[in-house]
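Colleague: A predicted structure for the sequence below; I have some questions about it.
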There are 4 protein chains.
Amino acid sequence: MAREQLQALLKVCEFIANMRLSSATGGNFSIRWQEQALAISASGKDKSELTVDDFVVCDLNAKPIKDERRPSAETALHGMIYQMDPKAQCVLHTHSVPVTALSLYNKEAQKWSLTGYEMQKVISGFTSHEQTLEVFIFDNDQDIPRLAQAVKEMWPQMHRAYAFMVRGHGLYTWGTSVEEAKRHMEGLEFLFSCELTRLQLSRA
Amino acid sequence: MAREQLQALLKVCEFIANMRLSSATGGNFSIRWQEQALAISASGKDKSELTVDDFVVCDLNAKPIKDERRPSAETALHGMIYQMDPKAQCVLHTHSVPVTALSLYNKEAQKWSLTGYEMQKVISGFTSHEQTLEVFIFDNDQDIPRLAQAVKEMWPQMHRAYAFMVRGHGLYTWGTSVEEAKRHMEGLEFLFSCELTRLQLSRA
Amino acid sequence: MAREQLQALLKVCEFIANMRLSSATGGNFSIRWQEQALAISASGKDKSELTVDDFVVCDLNAKPIKDERRPSAETALHGMIYQMDPKAQCVLHTHSVPVTALSLYNKEAQKWSLTGYEMQKVISGFTSHEQTLEVFIFDNDQDIPRLAQAVKEMWPQMHRAYAFMVRGHGLYTWGTSVEEAKRHMEGLEFLFSCELTRLQLSRA
Amino acid sequence: MAREQLQALLKVCEFIANMRLSSATGGNFSIRWQEQALAISASGKDKSELTVDDFVVCDLNAKPIKDERRPSAETALHGMIYQMDPKAQCVLHTHSVPVTALSLYNKEAQKWSLTGYEMQKVISGFTSHEQTLEVFIFDNDQDIPRLAQAVKEMWPQMHRAYAFMVRGHGLYTWGTSVEEAKRHMEGLEFLFSCELTRLQLSRA
């Protein structure tokens, strides 16, 4: 089962690389591996060329299991998501120009509110463009456990979006399957491209 | 005949997916299937991987014929178009960033007028850039029969564009063949990209 | 010789289609065919799928030679270029969003002046970014012979750019070989993308 | 060893061409060839179709070794980088719309400062988004030895970015391997796209 999910994730990684959402070896991608572990892409790899061997199995505190490779520092953020949402099966962390630019638009903003878009309905639980989808923004921090703690504290208010942004850094999205995580990621990247485009329109 | 059209539509769906006009399983695409029916892409599918089996045959009121799958809620909008235009053979519903952003630019606007573009001539019936091509915008509505009714009431004024927008949602285009529908769709997406780009220019 | 050029042109047409410079069957592309004729792409075709049989041989006044197909109305503009520049071997007419938008930026402008770009040097005869490259803009006209006449009258002032724009319509470029025409076209599309991008920057 | 690097560089050249960073035969790419030489892409070639035979071996003053082809005038800039940084193994010179446009945004600016981005960490030696990454901008000059001299004089202040811009022209990046040079180039092109996008946002 987990192996099938890993195959599905490899295909999503290739799609992400082709869409230019993981420039310069950026981004990291994982699936839950049995109950209390995760398998995450090794850092420093071109995401269009990943194979099963490029994934490291860690416990949910980011410690590698039977593996001598050190996983990405951001593994702790993935682990936190799997701990907070017992149904989460896949976490995708992308780096796009629109998300990076918008997260820096107002450096004090704690969230970006999306409303009026049909595309909001790709997020599980949303059924109308009239609802408001709030994507929280956390300040970037090189101390990943501290960043994970900040997200954890906001969890009750933020988890409905299945996503959050890290300022000047990128987007985290997840889902109850690889397929759902991909749909959430693609929908949100589309929505943030729309928001960016609207902000680029001159006021008549 | 209808089967050949379906093959042509599959190719157009792949083109649409590659152009990023159907992000996150969005959009839906149909052909007329005999006089009083239509075949529409099943929802929730990646549009670059559709096969003949991913199409559901429904009557023009969106009720499936000999099929247990439930088609997309928006099937009723496709059916309405086939009812209003007896020559329509193909309907394409795309989701692009430019159309989504422009449809929200002025939330009161009932239409977007295009003039001065050579590309207007790709719409059947238009012969000069000096004509005005009016693409109507309808407010999005999760009640699809009510949305279809709103379009129907505006039909006499709006049908010449072979297209309309749904605000914050996307573009509907059609034609008397798959080929013509594709040409209309591609031409309109180009035109709206031009309009968007012009609105992004700073006033000197 | 002409047949080899035609093979080279087919490859350029595919490149142009992939770069989205000929949306919705737009654009047309030709080579000189012997001294007093030209071979031009048939209109209404998807430019990524052209074959040798999709080219129509016409005299330089746009009259087909031994061919019953009617070539594009714009063939007369191609013929005019081959008449005015005896060394011209290939003419490319593309439709891009940047050129279309810029040509409409100032509807009274008769030309767009480019200076300060290294890329200007891809135009034959230009050796420094300090020179000024003037690309003339002609108002669009559905009467093609009249448009061709307008270009002809401006020829002594405009031909150095190996290109001109038609307002709200697109770009014409040419060269003494298919390769040179492609280089001119690609360089100019890059330059106009730069100009557009600079105009989209907010003034601090 | 050098031959393996050349194979890696060919793959990077193809990537660069596909990302549209070397329009119209622009750009040039080299590796160090033994201690005191370099192998550089011949000018005027389509970068997606380079082979081993399209590289010219020159000494670090840009003089060809056992080769009758004349290398690009900009070879002297590559040679200067290999002389100034004894560890440099690969130099990439790309032409992108964002870098070209930004370098002309303020024509007096001597550098572009990047801060607040996680992506800064792809540059070797940078460990936090809180650091400032300064990319120097040199005025374009058709006299390449003079331009190389200008860069050389600024070297102590500028080399940490593993990159510099030439105004209205493009970006030079390098690294201690082909892989590192590519990562630097991709990261910087991403960062400049972010900067450009932020400058295109209207102030509310």
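Modeller: Received it, and whenever you're ready, just let me know what you need.
Colleague: how about the strands of chain A, start to end?
Modeller: When assigned using DSSP state E, the strands of chain A occupy the ranges A:28-32, A:37-41, A:55-59, A:90-94, A:111-115, A:132-138, A:163-166, A:170-175.
Colleague: name the helices or strands packed onto the first one?
Modeller: Packing contacts for strand A:28-32, counted by 3 or more CB pairs under 8 Å, 6 or more residues apart in numbering or on different chains; DSSP states H and E, involve helix A:2-18, strand A:37-41, helix A:75-84, strand A:90-94. Where you see a C-beta, it was placed from the backbone N, CA and C, and this is true even at glycine.
Colleague: do the shortest one as well
Modeller: On a contact count with 3+ CB pairs under 8 Å, 6+ apart, strand A:163-166 meets helix A:97-103, strand A:132-138, helix A:144-158, strand A:170-175, helix A:178-199.
Colleague: same thing but at 6 Å, please
Modeller: Helices and strands touching strand A:163-166, by 3 or more CB pairs under 6 Å, 6 or more residues apart in numbering or on different chains; DSSP states H and E, are strand A:132-138, strand A:170-175.
Colleague: That one: partners in the sheet, and parallel or antiparallel?
Modeller: Applying DSSP bridges, strand A:163-166 is found paired with strand A:132-138 (parallel), strand A:170-175 (antiparallel).
Colleague: Between strand A:37-41 and the least confident helix or strand in chain A by mean pLDDT, find me the angle.
Modeller: Every helix and strand of chain A was ranked by mean pLDDT, DSSP states H and E. The lowest is helix A:2-18, at a mean of 92. In terms of direction (axes from the mean of the first three to the mean of the last three CA atoms, to 10 degrees), helix A:2-18 departs from strand A:37-41 by 30 degrees.
Colleague: buried sites along helix A:2-18?
Modeller: By 16 or more other CB atoms under 10 Å in any protein chain shown, the buried positions in helix A:2-18 come out as A:5-6, A:8-10, A:12-13, A:15-17.
Colleague: okay if I get those residues as a markdown table plus distance to chain C?
Modeller: What follows is these, written out as a markdown table (distance: CB to the nearest CB, whole Å):
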| residue | distance to chain C |
| --- | --- |
| A:5 | 34 |
| A:6 | 33 |
| A:8 | 29 |
| A:9 | 29 |
| A:10 | 26 |
| A:12 | 24 |
| A:13 | 24 |
| A:15 | 19 |
| A:16 | 21 |
| A:17 | 19 |
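Colleague: Mind checking the helices and strands packed on strand A:28-32 for the one nearest to residue B:175?
Modeller: Proximity to residue B:175 (CB to CB) singles out helix A:2-18 among these, at 30.0 Å.
Colleague: Give the other helices and strands that that closest one contacts.
Modeller: If you count contacts as 3+ CB pairs under 6 Å, 6+ apart, helix A:2-18 packs onto strand A:28-32, helix A:178-199.
Colleague: Now with 7 Å, please.
Modeller: Other elements packing on helix A:2-18 under the criterion 3 or more CB pairs under 7 Å, 6 or more residues apart in numbering or on different chains; DSSP states H and E are strand A:28-32, strand A:90-94, helix A:178-199.
Colleague: Can you add mean neighbour count and give the ones you listed back as TSV?
Modeller: Shown next, in TSV, are the helices and strands packed on helix A:2-18 (neighbours: other CB atoms under 10 Å in any protein chain shown):
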stretch	mean neighbour count
strand A:28-32	27
strand A:90-94	27
helix A:178-199	23
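Colleague: Now render those as CSV, adding distance to residue D:173 and mean pLDDT.
Modeller: Formatted as CSV, these follow (distance: least, CB to CB, whole Å; pLDDT from 0 to 100):
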stretch, distance to residue D:173, mean pLDDT
strand A:28-32, 24, 96
strand A:90-94, 23, 97
helix A:178-199, 26, 96
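Colleague: To residue B:168, which of those lies closest?
Modeller: Evaluated over these, closeness to residue B:168 peaks at helix A:178-199, with 8.4 Å, by CB to CB.
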